[in-house]
Each structure stands twice: as C-alpha cells, then as structure tokens.
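*Asks:* model this:
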Amino acid sequence: MSKSEEKPRADIYARITDRIVAELERGVRPWMQPWRSGSGNGSVTRPLRHNGLPYSGMNVLLLWSEAAARGFSSPIWMTFKQAFELGGAVRKGETGSMVVFASRFRKTETDATGDMVDREIPFLKSYTVFNAEQIDGLPDHHRWQAEPSRDPIERIDHADRFFAATGAVIRHGGDRAYYSPATDHIQMPPFATFRDGSSYVATLSHEAMHWTAASHRVNRDLSRYGKDRSERAREELIAELGSCFLCADLGIAPELEPRPDHASYLASWLEVLSNDKRFIFSAAAHAQRAVAYLHGLQPQAGLIAEAA
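*Replies:* Down below sits the predicted model:
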C-alpha cells in the first residue's frame, strides 16, 4: 500500500482518538454522554441504522458522542442516500456525523523468495450519516418515540435473567466488586448496598466483561493485569466500554460517575490513547466481542453482529 493510501486511514484513527483524548482531558467520558444529555425520556439504546439494526463497536462511541454534543434524542442515523430512498430530505445547512467501516482486502504479492503470496490488508473508511432529527419527511416509523419506561422491578428481573443465562458464578458479600480469574467467579457486594437496581446491573455488567476474557470464552489475555499499569488500564477501558454497550442493550443507564476504584484509570487511559492512536478502536472491538459472547449465551441468542 502506498504512503498516499496509508495517510488518510491513519488520519481517521488520529482524528477520532484526538477528539476522545480532548474530552477525557476535560474530565468527560464520551461514552457516558448520552445519559448526561438530559433528553428527559429515560430511554437508553444503541445508535440505530435506518433499518433498525444497531451500530456496534467504535461507531457506538462516535454516534453517542455526536448525539450528546449536538442535542439529538433520536438514536436513528442514516446516509443522505438512505434518507432520500425513504422519502426524506436532509435539511439545508445540516452537517453530518462520521462513522467508520473496517474490513480487509486480499492482495497477491511476490515475497523475498520470488513466490506469490496472498496478504490480507486491513482498511478503514469513513462515511457520513445524519440523525433523524436532521431529516424532514421521514415515514412515521422512523420518527423516534421512546418506549414507556419499564417498571424498575421488571427491568431488574430482565437483567437478572440475562446474567443467569450466561452461567457465570456470581457470589455476593464484602464491599468490593471484582472478577477473580483464579476461581473464575464474579464477586459482588450485597444487592441491598447499591443505590438502586440500575447501579447493581451496571456494576455487574462491568465485571461480566472481565469474566468473558477467560481463554475458553473470548480469550483476552489478562496475565499482566496485576503487573503492568498500562495493561490494566487497557483492560479496564475495554470493560467500561463493554459495560456501556451491554447496559444500552438491556435498557439500563450505566453508572454516570466512575467507581472510586476506577477513577484512577483516567490518567492511564490518556497516556495509552495518546501513545496509540488505534487503541480506542481495538478497545471498542474487544468490548463488542465480549458483549456479543454474552448475547450468544442467551436461550434465544439475539447476537449483536460484530461488524460495525
């Protein structure tokens, strides 16, 4: 691949990472902004395509952040062409938001010995989408109306059934939440010690992300978690993003304020992201795989596709 082809791709990584770093430096976790935006309808969801399918991975972060920054309450996004095909029209003067598409292409090359070999080369492309609130004339079913908030007890029951179906061993007691690789169990404080049911589920979602890392699950290496501050920060960012994705899937708002034992990771995240412009993409992809794994354990596996 030529340098001229490589530079635009690298620029996409850098542009997005630099934006996230700037928000973290202001003390804002961009993946939490949808619940700070004050839309008032109490609805939590992933961003949705024009056909109702949810976005995944990095695009969830990008569109949540855009929605919060620009005050959109609708989770529905589409391209200019998709809006036109639905009979809608993007209003004059509206600016779109960037989403990305990652894939690979195969290229045949000659190696050092003169043999022809196939290489898979990753590529990243960006394209522009608009929020439904920027589009006139859309059919009624593309106009977002939040579902009535479910009864908190029902919502907790729904989440309890989800985690029970994973088969994870969840023990209660003490005053700390953590996942123990040595015993392969999740430890949670007693339910009654949490502010509310949503807080409990948000915390359990985070620890469930760590639980997926085992070699017989998604196989994410935690061998240096306790020894390397940078590796620990990376795994905690994956768990935090995954928790946000999963909470959105369950219709539950995640914790808005970082737990005291997680607040110290902010500086480490800034360091990792500043040194590796691609890590936020990798972290989002790891988080997506972990969430997809948990969905795949459900009786009727509503598996969220990993492709963005």
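
*Asks:* Distance of residue 13 relative to residue 287?
*Replies:* Look at residue 13 and residue 287: by Cβ to Cβ, to the nearest Å, they are 17 Å apart. Glycine gets a C-beta too; all of them are placed from N, C-alpha and C.

*Asks:* The two: which has the busier surroundings?
*Replies:* Set side by side, residue 13 and residue 287 show unequal neighbour counts under other Cβ atoms under 10 Å, the larger going to residue 287 at 28 against 18.

*Asks:* Next, the contact list for the more buried one, please.
*Replies:* By Cβ atoms under 8 Å, 6 or more residues apart in numbering, the contact list for residue 287 reads 57, 209, 238-239, 241-242, 245.

*Asks:* State the distance from it to residue 111.
*Replies:* 36 Å.

*Asks:* Could you list the low-pLDDT ranges of the chain?
*Replies:* For the chain, applying pLDDT under 70 flags the ranges 1-10, 27-44, 105, 143-155, 255-267, 301-308.

*Asks:* wait, what's in contact with residue 50?
*Replies:* Counting by Cβ under 8 Å, 6+ apart, residue 50 has contacts 76-79, 82-83, 86, 142.

*Asks:* What helix or strand is it located in?
*Replies:* Following DSSP states H and E, there is no helix or strand that holds residue 50.

*Asks:* Reduced to three states, what does residue 123 come out as?
*Replies:* The three-state assignment at residue 123 reads strand, by DSSP: H, G, I helix; E, B strand; the rest coil.

*Asks:* Double-check it against residue 106; I have them as touching.
*Replies:* No - look at residue 123 against residue 106 with Cβ atoms under 8 Å: they stay out of range, at 11.5 Å.

*Asks:* Comparing these two, which residue is more hemmed in?
*Replies:* residue 123 (13 against 8).

*Asks:* Quick one: the helices in this structure, in order.
*Replies:* For the chain, the helices defined by DSSP state H cover 3-25, 58-70, 80-85, 152-166, 197-211, 229-250, 265-275, 279-296.

*Asks:* So for residue 180, which of those sits nearest?
*Replies:* helix 197-211 (9.3 Å; Cβ to Cβ).

*Asks:* Helix 229-250 and that closest one, what's the angle between them?
*Replies:* With axes from the mean of the first three to the mean of the last three Cα atoms, to 10 degrees defining the directions, helix 197-211 sits at 130 degrees from helix 229-250.

*Asks:* if we look at helix 197-211, which residues are touching it?
*Replies:* With Cβ under 8 Å, 6+ apart as the criterion, helix 197-211 contacts 152-153, 155-156, 159, 163, 166, 168, 170, 177-179, 184, 186-188, 191, 194, 217, 222, 235, 238-240, 242-243, 246-247, 250, 252-255, 259, 287, 290-291, 294.
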